[in-house]
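# With the input below, show me the fold.
(one chain, ligands or ions: 2)
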Amino acid sequence: MDPKTLPGSEKSYDYVSVAAANSAVQKHCKALPAVSIPLQDALHRVLAETVVASHPFPPFRASIKDGYAIRAADGPGIRKIIGNAWAGPACGFTVTTGTAAYITTGGALPEGADAVVGVEQTQLLEEGKKVLISVEIRPGAEIRPIGADIPQDEVVVEAGQRIGASDIGILATIGKKTVRVHQTPEVWVISTGNELKDETQVVASDFRDGQICDCNRPMLIAAARAEGANVTDGGIVTDSEAGLLQALRSAITGGADVIVTSGGVSMGDRDYVKPVFESLSSSFGGAVHFGRVLMKPGKPFTFATLHIPVQLHAPSMGGRTVLLFGLPGNPVSALVTSQLICLPALRTLSGLVSPMLRRVWVTTEQDLPMDPVRPEYHRARVQWDRSSGLGGSLLARSTGNQISSRLLSMKGADVLMEVPQGSGKIPKGSQVSALLINGLEHMEQLYTPEVPTPILPNGVPWTAGGMSTTVSSPSSAPAVVSALPEAVKVQCEAFAFSKLVQHLQLRTDVQNIDQMTLAGFCRNCLAKWYAAGAHAQGLDLPYDTACEMVYGMPYKSWKSQYQTPSTPEQLAQYEANKHLFAKHPESSKANLSVPLLSTTASTLPEAIKVQCEAFAFSKLVQHLQIRSDVQNMDQMILAGFCRNCLAKWYAAGARAQGLDLPYDLACEQVYGMPYKNWKSQYQTPSTPEKMAKYEANKQYFAKHDEAVDSSLVAISARVVSVPSTGAVNAAAGLGLHSDVCSSNAGLADTTPKVASLPSPAVSLGSRVPLRASILTVSDRASAGAYPDLSGPEVVRCLHNFNESQGQPWNLSILTMKVVPDELETIQEILAEWASPSHQCNVVITTGGTGFSRRDVTPEATQPLLQRTAHGVMTMVQQECSKVEPMAALSRGVAGVCNQTFMVNLPGRPKAVQESLMVLMPMLTRIVQDIND
Ligand SMILES: Nc1nc2c(c(=O)[nH]1)N[C@H]1C(S)=C(S)[C@@H](COP(=O)(O)OP(=O)(O)OC[C@H]3O[C@@H](n4cnc5c(N)ncnc54)[C@H](O)[C@@H]3O)O[C@H]1N2
Ligand code: MOO
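Ligands and ions are numbered 1, 2, ... in the order given. Next up, the predicted model:
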């Protein structure tokens, strides 16, 4: 018979995208019921309860040291030892004035004692009857107060998370004996094909007779077991309808929640899986949901559900849904579809709240061919390439020939690179999105760090790693960033930071408040970052000293000489922008593994200074990467430098080390992407007024040291001492300006004017938990034609805004999905997210709000809204219209469905950002009021 005419052939099914396939599958997955099990059996199970600490830990005041429990007020001197407070049962005596008790680490502090002194600071006298305390001890020293590690009522583990070793430890700490976990799914795995032999029974002659070993079954069993499923081996069935039907029926009566078959699902005349799924689902009142997926490999993947009525075969197993997955026979196709679709389904059944594969960005090491019809999941290994981008990036190496029979293409693969459908190739060096398929256990670091975590043992200067060994030739060797050793990068960053500081020391006319308002950082931020860099190296550098490094004089002298009083307008703008300001890593102390040594700038060894400067530069760059709304043009006009100046200084730093670092690559270090990408994504056209200002200010612009002295001496000549007057005039003589900040001149300026946006409508200190789910609506993003940038932009904005709060929200992102512009699909997801079981109180959609025929997000949302919030949308549109004349063309709606606030945002990442700036300050209030 002609396969085309076969009922149940792949051809009789329409293509669905992977995203649509996953959302169809997930719709039929529900976490299995909960059971209680002993804690020691709970590893890798998924919690069905959120656990709070029933009592504090430590439950008593505990000693941090082996030493003596004392009364701090007694001061240094001799104490009578009155007994032992070993870790274990409480000692029962009281430490009084003039006495001490020996105590061990973890011992409960005796009554009366309020501090511990380590044995190192004591000396035993009179054969151990007395002890000499040689130092001043403050009350509370070396004591962990009650609840210091785990406060009572703290949430220690959350429902929907997989239990790891640390969770077991935490739960044991609080005395939890049993935990509620979800049942594990029952999975049956069956192979189909006359050519297949069980590997335990194969003999050499089989291979000459057209037989091969069945690899799919053991592989898919292993994959499901690795997810914690309870797997039954359903064996091999020959290519016959009756045989397959029989095997599936056994699995159903055997209690399967999920049945996975492989092979026989395409267009051959013996491909019986689709017809058998069809006939089974029609007799069980289920359905075959799709039979062709737009993906390579994995096209014929088929999904069906069966509704098993109560009392069929085994009464205890009735009334349940069975998921049938028909995987393609080609082994790679089977494994890839399993990872992309089946395993997430198993995770949801197991109770995990976040079941999908995690997406990262990787840089391709090779050209990637594109398939003209299907998006491809190209397998690759990754390595951490410290030398690319800020802080490094994942470099992906293809596993070679991607034909779907070649299982070696899965060997060692860490990611599935998402190569969109298209013609030609994606050139090597491109950034592509990729899904993580393992824990990166194959990953190697491309460069072993040449600069170890610096430690200052006993004040011996630590030497900066390997400059002279790695950069041997002073001649201008061509350099690529990927080849820059860590130590050279540190020097470049330190150099660029010094140049920036030097520039700002000359430009005393530039006010901190203006820099804060415009760009969210000022000289004091540089000083804080500098001090944080010192902290990271185990040094307690006072903030005042760090300021001196930046200002070239004590901050108070600078203030009195150069700081001009702020106008009320400046102050108002400053206040309104506070949430966008740089966050200072003040708490970096907490991460230290070495004790802080106090120091002053004069005792800072040169190598440490370099590290501090490099650290501060990285923080600045990081800040500017997040603040993509800050335009180079505005920075130039205001302060005479911009990102490109930082890049030029960076390149000059490389030149000073004998390396010819192309300017483009230096830009990439600063922008975190090629400059032209940044321009097209974030640079907005300048107004004629701005251009005029730019021209008028040129004489104040930074000089870029085109012909920087190649000697490294230049690097150490970093902080100039500035004459107290005439500094601006000095700067005026510097001449050169950045020529790359003002392209696309002449059009209307659409930079988001965050300064004009309203300040928060309510106090944000209430810590209303915000549990948000984000739906990206886009035909093309859901088909994989391009990566979804808008959903991640929503998350980025929420997190950034949250981080900028004095008291951050309790913010969690519950779910993110990308769907095509299909009214029903959108509505189904929104309805599900607004249902009480989803526990989300904010749903943000992005995309599909315009006027084109496919834009239906508002139509999908409106019928769900029991109460609409016109005012919110009007406000968002009004404010956004000030910066984007087309903002009114978004037809988004907002309102309340059940206990959930829903809002439609436009699809472009920039529009998402602009809208959220207005919306975010109102969100907590809305959520709070809904819940009141
Ligand atoms: N005329 C067309 N032929 C095929 C098309 C098509 O569009 N037009 N699609 C191809 C694609 S894409 C795939 S993927 C495969 C899927 O085929 P089936 O799912 O029907 O699988 P089989 O034909 O049974 O086997 C394919 C291949 O895989 C080997 N295999 C199967 N099971 C196992 C196993 N358990 N262990 C090891 N190897 C297995 C089998 O021997 C075949 O070589 O169809 C293409 N054909
Ligand atoms: O879809 Mo098939 O899985 O390309 O090999």
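
# hey, let's count contacts and neighbours off CA atoms from now on
OK.

# What sits closest to whichever residue of the stretch 801-932 of the chain sits closest to ligand 1 if chain neighbours are left out?
Taking Cα to the nearest ligand atom, ligand 1 has its nearest neighbour within the stretch 801-932 of the chain at Pro820, 23.7 Å off. Distances taken as Cα to Cα, 6 or more residues apart in numbering place Asp779 nearest to Pro820, at 4.0 Å, with adjacent residues excluded.

# Low-confidence ranges, this protein, go.
1-8, 310-318, 388-391, 445-485, 585-603, 705-767, 806 (pLDDT under 70).

# contacting residues around Val795?
For Val795, the contacting residues are Ile813, by Cα atoms under 8 Å, 6 or more residues apart in numbering.

# For the stretch 801-932 of the chain, which segments are assigned as strands?
Per DSSP state E, counting those that start in this stretch, the stretch 801-932 of the chain carries strands over the ranges 810-819, 842-846, 867-868, 894-897, 900-905.

# Quickly run through the sheet partners of the first one, with directions.
As defined by DSSP bridges, the strand partners of strand 810-819 come to strand 769-777 (parallel).

# same deal with the fourth one?
Paired with strand 894-897 in the same sheet, following DSSP bridges, are strand 867-868 (antiparallel), strand 900-905 (antiparallel).

# Of all the residues in that strand, which ones are buried?
Of the residues in strand 894-897, those buried under the neighbour-count criterion (16 or more other Cα atoms under 10 Å) are 894-897.

# Enumerate the residues of the stretch 51-200 of the chain near ligand 1.
191, 193 (Cα under 6 Å from any ligand atom).

# Which residue ranges of the stretch 51-200 of the chain form strands?
The residue ranges that make up the strands of the stretch 51-200 of the chain, judged by DSSP E, counting those that start in this stretch, are 51-52, 62-63, 67-70, 77-85, 99-103, 115-118, 122-125, 130-133, 143-144, 155-157, 178-182, 186-192, 196-197.

# name the helices or strands packed onto the fourth one?
Okay, so that is strand 77-85. Under the contact criterion of 3 or more Cα pairs under 8 Å, 6 or more residues apart in numbering; DSSP states H and E, strand 77-85 touches strand 99-103, strand 130-133.

# List the buried residues of the last one.
For strand 130-133, the neighbour count (16+ other Cα under 10 Å) marks 130-131, 133 as buried.

# can you list contacts of stretch 113-133?
Defining contact as Cα under 8 Å, 6+ apart, one finds that stretch 113-133 is touched by 63-72, 76-81, 94-96, 100, 134-135, 137-143.

# For ChimeraX, write the select line for the buried members of those residues.
Listed next is the ChimeraX selection for buried residues among the contacts of stretch 113-133, using 16+ other Cα under 10 Å:
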select :63,64,65,66,67,68,69,70,71,72,78,79,80,81,94,95,96,100,137,140,141,142,143
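
# which stretch among the strands of the stretch 51-200 of the chain comes nearest Asp257?
Asp257 lies closest to strand 186-192 among the strands of the stretch 51-200 of the chain, at 5.2 Å (Cα to Cα).

# what about that closest one, distance to the chain center?
Here strand 186-192 shows a centroid-to-chain-centroid distance of 35 Å under the convention Cα atoms, centre = their mean, to the nearest Å.

# What is that strand packed up against?
helix 216-226, strand 230-237, helix 241-253, strand 258-262.

# The shortest one pairs with which strands?
What it means is strand 258-262. The strands that strand 258-262 pairs with in its sheet are strand 186-192 (parallel), strand 320-327 (parallel) (by DSSP bridges).

# Looking at the ones you listed, which one is packed in the most?
Mean neighbour counts were taken over these using mean count of other Cα atoms under 10 Å, and the top value, a mean of 26, falls to strand 186-192.

# Alpha carbons of that strand, in PDB - could you do that?
Taking only C-alpha atoms (Å, rounded to 0.1, in the frame of the first residue of the first chain), the coordinates of strand 186-192 have been written out as PDB:
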ATOM      1  CA  GLU A 186       5.400   4.800  36.700                       C
ATOM      2  CA  VAL A 187       7.100   4.700  33.300                       C
ATOM      3  CA  TRP A 188       7.100   1.800  30.800                       C
ATOM      4  CA  VAL A 189       9.600   1.800  28.000                       C
ATOM      5  CA  ILE A 190       9.000  -0.300  24.900                       C
ATOM      6  CA  SER A 191      11.000  -0.700  21.700                       C
ATOM      7  CA  THR A 192       9.500  -1.600  18.300                       C
END
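
# Can you name the residues of this protein that neighbour ligand 1?
Counting by Cα under 6 Å from any ligand atom, the residues of the chain that sit close to ligand 1 are 191, 193, 214-217, 262-267, 271, 298-299, 328-331, 333.

# residues near the closest residue in space to Leu814 that isn't next to it in sequence, how many?
Nearest in space to Leu814, with sequence neighbours left out and distances taken as Cα to Cα, 6+ apart, is Ser773 at 5.2 Å. Each residue near Ser773 was counted by other Cα atoms under 10 Å, and the total is 25.

# mind checking how far the residue lying farthest from the centre of the chain is from ligand 1?
Distance from the C-alpha centroid of the chain, by Cα atoms, centre = their mean, peaks at Glu126 (59.7 Å). From Glu126 over to ligand 1 the distance is 81 Å, taken as Cα to the nearest ligand atom, to the nearest Å.

# distance of that residue from Val135?
Counting by Cα to Cα, to the nearest Å, the gap between Glu126 and Val135 amounts to 19 Å.

# rewinding a little: the buried residues of strand 894-897: which two are farthest apart?
Between any two of those, the greatest separation by Cα to Cα is 9.7 Å, found for Ala894 and Cys897.

# got any residues that touch both of those two?
By Cα under 8 Å, 6+ apart, Ala894 and Cys897 have these common neighbours: Leu865.

# Ser354 belongs to a helix?
No - with DSSP: H, G, I helix; E, B strand; the rest coil as the criterion, Ser354 is assigned coil and is not in a helix.

# list the contacts for the spatially most central residue of the chain?
Nearest to the mean C-alpha position of the chain, by Cα atoms, centre = their mean, lies Val360 at 8.8 Å. Taking Cα under 8 Å, 6+ apart, we find Val360 in contact with 433-436.

# The same query, at a cut-off of 6 Å, please.
Contacts were defined as Cα atoms under 6 Å, 6 or more residues apart in numbering; by that measure Val360 touches 433-434.

# just Val35 next, same as before
180-181.

# Give the partner strands of the helix or strand hosting it in its sheet and their orientations.
Here Val35, judged by DSSP states H and E, is contained in strand 34-38. Listed by DSSP bridges, the sheet partners of strand 34-38 and their directions read strand 178-182 (antiparallel).
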